[in-house]
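S.K.: okay, here's the prediction I keep looking at, along with the sequence it came from:
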Amino acid sequence: MSLHKSLEVLFTPAEFALLADRDLSETVCVVFDVLRATSTMVTALAHGAASIVPAAEIADALGFRHQYPGALLAGERGGTRIQAHLTGGIDFDLGNSPREFLGDKVEGKTIIMTTTNGTKALHACRGARRVLVGSFLNLRATAQSLAMEAPAHLLLICGGTGPHASYEDTLCAGALSELLWEGCAGQPIADSALIARNLYRRDKEHLSEAFEQSSNAQNLQKHPELRDDIAFCTQHDLFDLVAEMMPDGQVVPARISPPPA
């Protein structure tokens, strides 16, 4: 796959919080929050959701209801669905388990979503040329779209766990780097991309076990109804779908072909 002029990975929220100071006009960003926000967004779109509206905070999500009447409210804090005590009286319709976002429940719906890290990471990329939503579930489709576009700079952004790096996001950034690596020959590759790729190459044959070592997975294990999310989110290429955040902030199923010159 032919590619871009540079490849870099950001591991923590502290790193993506600084993106406002960078010129991203020639950069394509791919955001990963594998457990679970980006996996959930991809699943919802694959099951017919019209769009996802990422909201950085709960108050933002509530405010968006006036702009998107009839939209579903979705999201989590501490891993579990947002309840009325956090909103001033409104229980959210959905949490952040991809297994909730199936079939008739989401088909044709706009979904306003706020999560602890993933939706903030997407907002941090608003100045980029293009912003894609990445997961293991749509990994190859995302790689194919990037290879056809051949952006000047490719920035892979890990949502993280709280303020820290997350193992599962690093592995997914490494998996995408692995798919694109051959096309990177002779191009500037940051050490961060090398780290992510090498971790993925080490763990790719036992990905579920690697996930279960992560802080996010250990938190999900405490909730019996959410444990199966871990295995769901490790599935490779379940959906032939590219998910893109558009300039208006909505995440929609995207073109795979490159944009017009």
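M.R.: It's in.
S.K.: CA only for contacts and neighbour counts going forward, please
M.R.: OK.
S.K.: now do the strands in the stretch 101-250 of the chain.
M.R.: Taking DSSP state E, counting those that start in this stretch, the strands of the stretch 101-250 of the chain run over residues 110-114, 130-134, 153-158, 243-245.
S.K.: could you tell me the angle between the longest one and strand 130-134?
M.R.: Taking axes from the mean of the first three to the mean of the last three C-alpha atoms, to 10 degrees, strand 153-158 and strand 130-134 form an angle of 40 degrees between their directions.
S.K.: parallel or antiparallel, list what pairs with strand 153-158.
M.R.: Using DSSP bridges, strand 153-158 pairs in its sheet with strand 7-10 (parallel), strand 27-32 (parallel).
S.K.: thinking again about what came up before, now the strands of the stretch 101-250 of the chain in TSV, with mean pLDDT?
M.R.: Shown next, in TSV, are those (pLDDT from 0 to 100):
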stretch	mean pLDDT
strand 110-114	98
strand 130-134	98
strand 153-158	97
strand 243-245	98
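S.K.: export these to JSON lines and tack on mean neighbour count and distance to residue 48?
M.R.: Formatted as JSON lines, those follow (neighbours: other C-alpha atoms under 10 Å; distance: least, C-alpha to C-alpha, whole Å):
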{"stretch": "strand 110-114", "mean neighbour count": "28", "distance to residue 48": "10"}
{"stretch": "strand 130-134", "mean neighbour count": "27", "distance to residue 48": "16"}
{"stretch": "strand 153-158", "mean neighbour count": "25", "distance to residue 48": "26"}
{"stretch": "strand 243-245", "mean neighbour count": "26", "distance to residue 48": "12"}
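S.K.: what score does the nearest residue to residue 192 once chain neighbours are set aside have for pLDDT?
M.R.: Leaving aside its chain neighbours, residue 192 sits nearest to residue 9 (5.3 Å; criterion: C-alpha to C-alpha, 6 or more residues apart in numbering). pLDDT recorded at residue 9 is 98.
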